[in-house]
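In: sequence first, then the predicted structure:
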Amino acid sequence: MALASGVRFAARALLRPWALLRGTTLGRTEPAAGGGGDGARRFGSQRVLVEPDAASGVAVMKLRNPPVNALSLELLTELVISLEKLENDKTFRGVILTSDCPRVFCAGLDLTEICGRNPAHCAEYWKAMQELWLRTYLSSLVLVAAINGACPAGGCIIALSCDCRVLADNPKYRIGLNETLLGIIAPFWLKDTYVNTIGHRASEQALQLGSLFPPAEALQVGLVDQVVPEDQVQSTALSEMARWLAVPDHARQLTKNMMRKATADRLLRQRDADTQNFVSFVCRDSIQKSLQAYLEKLRQRKG
Ligand SMILES: CCCCC/C=C\C/C=C\C/C=C/C(=O)SCCNC(=O)CCNC(=O)[C@H](O)C(C)(C)COP(=O)(O)OP(=O)(O)OC[C@H]1O[C@@H](n2cnc3c(N)ncnc32)[C@H](O)[C@@H]1OP(=O)(O)O
């Protein structure tokens, strides 16, 4: 499914060389764990490990930005590049998105990217977040989220952008858009994605309360599609992938586009305004104070 040329252009303009080169091994391949035949060679970058299996047409894409897969500018950029590489390789039809960090799928925005940062950096950062959402939400590939850890806020939006979600049955692995608890709010396109998944009333309540759902409640509200024992998340994600890949790609892609285009177009039509809204909102003194306090609280938790 071709993204609007504007998005492709934005992606290329965004993917500045330094972001690609800083500590990454983009393009370098290494044998996947356990060897394997042709097409089993890993590739990716420092923060995203891609384990492709050409025989099945399925790749596993692991977030590897310890300790909590916070969405740094580099991680956002590398995720977009890795996804684009798989989309451009017609060998692949599906991607399982999971975490290489223990206990956490993705901790959401890297708050150090917006706390104490200048407006220009916040704008660049938010464009990268928009780009990742557009890439995943509109992807021609089948995306299955194998959620093997905590999945708050920005992590939840990545999972929601996938076609389906499998969550490990661990009460510590909570999922949801908890922005209000940090004193911020989810932008309209996160709200739209939530509403498209769990409905308006459930979203209205969960967004205002900043609800983080434990697995049983996440399943009940429809935020995830399956809850399984932790050691069955990856195998269940593979089985779910097989179910989706049994459908002819073209018909599935056209249907996905029919379901999601209006939501994505709403952001595409006002992408600059959304960026300006984000920057003016997060750069307010009151919001900066709130985010700094939240980060401090996180850091003290270990004390
Ligand atoms: C109208 C205009 C719209 C305006 C829009 C404004 C903003 C955008 C809105 C929405 C988009 C998305 C927003 C977000 O994603 S905000 C971030 C939300 N994330 C969270 O609330 C999660 C916070 N983290 C945790 O709860 C826990 O860390 C964890 C994920 C449950 C893991 O717990 P664990 O005990 O395993 O680890 P620690 O807590 O000890 O953390 C280890 C280490 O990482 C640091 N850290 C954790 N999370 C983040 C983060 N999100 N960003 C940066 N750093 C993070 C933590 O401080 C520790 O650091 P240390 O230095 O102490 O090792």
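Out: Great, that's in hand.
In: what comes up buried for stretch 41-59?
Out: Using 16 or more other Cβ atoms under 10 Å as the burial criterion, the residues of stretch 41-59 that qualify are 41-45, 47-54, 56-59. (Each C-beta comes from the backbone N, C-alpha and C, glycine too.)
In: please read the previous query as pertaining to stretch 113-133.
Out: For stretch 113-133, the neighbour count (16+ other Cβ under 10 Å) marks 113-115, 117, 122-133 as buried.
In: anything in that stretch near the ligand?
Out: No - shown here: stretch 113-133 not in contact with the ligand (Cβ under 6 Å from any ligand atom), separated by at least 7.0 Å.
In: adjust the sequence numbering to begin at 354 for everything that follows.
Out: Understood, numbering begins at 354; the last thing we discussed is stretch 466-486.
In: can you read off the backbone torsions of residue 533?
Out: Residue 533 adopts backbone torsions of phi -60, psi -30, taken as degrees, to the nearest 10.
In: in this protein, what residue comes closest to the ligand?
Out: Across the chain, the shortest distance to the ligand (Cβ to the nearest ligand atom) belongs to residue 461, at 2.5 Å.
In: endpoints of stretch 451-471, how far apart?
Out: Stretch 451-471 has an end-to-end distance of 32 Å (Cα to Cα, to the nearest Å).
In: state the mean pLDDT of that stretch.
Out: On average, the pLDDT along stretch 451-471 is 98.
In: mind exporting the host helix or strand of residue 610 as CSV, just the C-alpha atoms?
Out: Here residue 610 sits within helix 602-622, counting by DSSP states H and E. The C-alpha coordinates for helix 602-622 follow below in CSV (Å, rounded to 0.1, in the frame of the first residue of the first chain):
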residue,chain,number,x,y,z
ASP,A,602,-2.5,-10.1,0.4
HIS,A,603,-4.1,-7.7,-2.1
ALA,A,604,-7.6,-8.2,-0.8
ARG,A,605,-6.5,-7.9,2.8
GLN,A,606,-4.4,-4.7,2.1
LEU,A,607,-7.3,-3.0,0.3
THR,A,608,-9.6,-3.8,3.2
LYS,A,609,-7.0,-2.6,5.8
ASN,A,610,-6.7,0.7,3.8
MET,A,611,-10.5,1.0,3.6
MET,A,612,-10.6,0.7,7.4
ARG,A,613,-7.7,3.0,8.3
LYS,A,614,-7.2,5.5,5.5
ALA,A,615,-9.6,8.1,6.9
THR,A,616,-7.9,8.1,10.3
ALA,A,617,-4.4,8.4,8.8
ASP,A,618,-5.5,11.1,6.4
ARG,A,619,-6.7,13.2,9.3
LEU,A,620,-3.1,13.4,10.5
LEU,A,621,-1.7,13.7,7.0
ARG,A,622,-3.9,16.7,6.3
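In: counting by contacts, list what the next helix or strand after that helix packs against.
Out: Following helix 602-622 in sequence order, the next helix or strand is helix 624-635 (DSSP H and E). Judged by 3 or more Cβ pairs under 8 Å, 6 or more residues apart in numbering; DSSP states H and E, helix 624-635 is in contact with helix 472-490, helix 638-653.
In: around the ligand, pick out the residues from the stretch 404-553 of the chain.
Out: So far as Cβ under 6 Å from any ligand atom goes, the stretch 404-553 of the chain lies against the ligand at 420-421, 423, 456-457, 460-465, 503, 505-507, 531-532, 535, 537-540, 543.
In: output the contacting helices and strands for the strand or helix carrying residue 438.
Out: If you go by DSSP H and E, residue 438 is part of helix 426-441. In terms of contacts (3+ Cβ pairs under 8 Å, 6+ apart), helix 426-441 is packed against helix 358-367, helix 370-374, strand 394-397, strand 401-406, strand 411-416, helix 472-490.
In: follow-up on the earlier one: among the helices and strands packed on helix 624-635, single out whichever gets nearest to residue 444.
Out: helix 472-490 (18.7 Å; Cβ to Cβ).
In: what does that closest one contact?
Out: For helix 472-490, contacts defined as Cβ atoms under 8 Å, 6 or more residues apart in numbering pick out 356, 360, 363-364, 367, 424, 426, 429-430, 432-433, 436-437, 450, 462, 466-467, 470, 496, 507, 510-511, 514-515, 542-543, 546, 613, 616-617, 620-621, 624, 627-629, 631-632, 635-636.
In: the residues of the stretch 404-553 of the chain next to the ligand in strands, which ones?
Out: Mapping those onto strands (DSSP state E) picks out residue 505.
In: which ones among the residues of the stretch 404-553 of the chain next to the ligand map onto helices?
Out: Using DSSP state H, 507, 543 are the members of these that sit in helices.
In: now the buried members of the residues of the stretch 404-553 of the chain next to the ligand.
Out: By neighbour count, with 16+ other Cβ under 10 Å, those hold 421, 423, 457, 460-464, 503, 505-507, 531-532, 535, 537-540, 543 as buried.
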